[in-house]
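>>> No sequence on hand, only this structure:
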């Protein structure tokens, strides 16, 4: 079971956002990138040029969902797409069931999450994963 850890530091959030931004720019993706801490509080938000304004709230919500439920938002998207009993997820408050929100772990503890929005869900996830990978590969 994943435990919550100390909140992600601003310097680490900047590293996550920089890597995500680099991935977005390399693929011409206009996105919003949000990083929240282990209490689902916003640490850093970056809006790339020409990203749609509506995606600001969505990026934050994706990151919050990943922290609050300790899993990528893709897990909820996949569950809902199966229908049936999984539709009960629609009754839960605070879930954004769209790919692009991924937890950030340090020493096996959840310290925050990244949420990306603005393009197709799989593209948002691609950008978010670049940020996650940079964080996990950075020296502690």
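Alright, I've got the coordinates. In this text, all values refer to a predicted model and were calculated from it rather than measured experimentally.

>>> For the residue of the chain most remote from its centre, report the pLDDT, please.
In the chain, counting by CA atoms, centre = their mean, residue 84 sits farthest out from the average C-alpha position, at 26.4 Å. We note a pLDDT of 92 for residue 84 in this prediction.

>>> now swap in residue 139 and tell me
For residue 139, the model assigns a pLDDT of 80.

>>> swap in residue 19?
98.

>>> likewise the one 4 residues further on?
The confidence metric pLDDT takes the value 98 at residue 23.

>>> same check, this time on residue 42
Looking at residue 42, the pLDDT reads 98.

>>> Against which helices or strands is the helix or strand bottoming out on mean pLDDT in the chain packed?
None of the helices or strands of the chain scores lower by mean pLDDT, DSSP states H and E than helix 73-82, at a mean of 95. With contacts defined as 3 or more CB pairs under 8 Å, 6 or more residues apart in numbering; DSSP states H and E, helix 73-82 has these neighbours: helix 55-68, helix 121-137. All C-beta spots, glycine's among them, are computed from the backbone N, C-alpha and C.

>>> If you count contacts, what does the longest one end up packed against?
Other helices and strands packing on helix 121-137, by 3+ CB pairs under 8 Å, 6+ apart, are helix 10-26, strand 32-37, helix 73-82, strand 101-106, strand 109-117.
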